[in-house]
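Chemist: Turn this into a model:
(4 chains)
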2 protein chains.
Amino acid sequence: MPALKHSRQRESIKNFLTSRYDHPTADTIYTNVRQEFPNISLGTVYRNLALLTDLGEIIKITTDGPDRFDGHVEPHSHFICRKCHAVLDIKMKSEDFIDKEAQKCCSGVIEGHVTQYFGVCSECIKD
Amino acid sequence: MPALKHSRQRESIKNFLTSRYDHPTADTIYTNVRQEFPNISLGTVYRNLALLTDLGEIIKITTDGPDRFDGHVEPHSHFICRKCHAVLDIKMKSEDFIDKEAQKCCSGVIEGHVTQYFGVCSECIKD
DNA sequence: ACGATAAACAGTAATCATTATCATTATCGA
DNA sequence: TCGATAATGATAATGATTACTGTTTATCGT
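Modeler: Residues are numbered from 1 along each chain as shown, chains lettered A, B, ... in the order given. Next comes the predicted model:
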């Protein structure tokens, strides 16, 4: 547990993530933050994304393909379009109910869940 | 869409998966199937896992770390222990209800969902 | 402000999981 | 049994992520 020090690079990554709602990958974050810090390293991006995830300030979304990151930590789920692979937010009320239902048939202690919905988004459905 | 041909290797992979309930990784499958086919290639394992997934005969579970595979396709969810990383099955009734709830606040068409519960399993909770 | 300490950095090499390539072998219908 | 082609084994290549190394920078006590 090393003492945390402030860094402009980490602040910029965090700011970028809270400004976006499209769940970018590490690489997208890298190319964008590079406009403010032209020689930031990709390793620095990954290091800070892991750190921010551990701190609970952002959320890591593991899917097929590269991981995506979400700067908005209020409980919500994600809808992933199987055509264009867009990741959209879903905010529903029954999140607690789901944990309680699952707990009924699980011998361990359930602390939470991550649900990914899949289907076709409203844009792709036009085609 | 190439015409499918039978292969003993693919059959062995499928059989191994339906015999297990612990959601093994490609590497675990590889080392086990190797007892029957000593010079099967890891590439063959991956190729057949992808094929079987496309055919809907098995399920690919994407998590932190390497993908895991499930030979049992009846709808169910997974509980992942955050201590020992075991993947256990959860079979609950409200799966359809969840899709309908989510559909209420989603502009796309929801076809299904994958939920991963996390917490501490009954073994690890003893420590 | 100054200097010591250690976190964070940029740059780069290494790792890990997965996919692609290609010459050879196995499957299967005619 | 023969011919077409899917599947294989071996291995190279890729893509995402992590680890390493020497340098820079933030923080804190004086």
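
Chemist: Only C-alpha atoms from now on, for both contacts and neighbour counts.
Modeler: Fine.

Chemist: For A:E11, what is the enclosing helix or strand?
Modeler: A:E11 is located in helix A:8-19, with elements delineated by DSSP states H and E.

Chemist: can you tell me if the next helix or strand after that helix touches DNA strand D.
Modeler: Towards the C-terminus, the helix or strand next in line after helix A:8-19, according to DSSP H and E, is helix A:26-33. Yes - Helix A:26-33 lies within reach of DNA strand D by C-alpha under 7 Å from any atom of the strand, at A:A26, A:D27.

Chemist: Next, find the distance separating A:A26 from A:P66.
Modeler: Applying C-alpha to C-alpha, to the nearest Å, one obtains 8 Å for the distance of A:A26 from A:P66.

Chemist: between these two, which one's more packed in?
Modeler: Regarding A:A26 and A:P66, a neighbour count based on other C-alpha atoms under 10 Å in any protein chain shown identifies A:A26 as having more, with 18 against 12.

Chemist: what separates that one from B:T115, distance-wise?
Modeler: 24 Å.

Chemist: Show me the domain layout of chain A.
Modeler: A:8-70, A:77-126 (automatic domain parsing).

Chemist: quick one: the first one near chain B?
Modeler: Read that as domain A:8-70. Yes - interface with chain B: domain A:8-70 contributes A:T62, A:T63, A:D64 (C-alpha under 8 Å from any C-alpha of the partner chain).

Chemist: Ramachandran coordinates for the second one?
Modeler: To tie it back to what came earlier, the one meant is A:T63. The phi and psi torsions at A:T63 (degrees, to the nearest 10) take the values phi -140, psi -170.

Chemist: which one is it nearest to, not counting chain neighbours?
Modeler: B:T62 (6.2 Å; C-alpha to C-alpha, 6 or more residues apart in numbering or on different chains).

Chemist: circling back to that earlier point, got the buried residues for the helix holding A:E11?
Modeler: By neighbour count with 16 or more other C-alpha atoms under 10 Å in any protein chain shown, helix A:8-19 contains the buried residues A:Q9, A:R10, A:S12, A:I13, A:K14, A:L17, A:T18.
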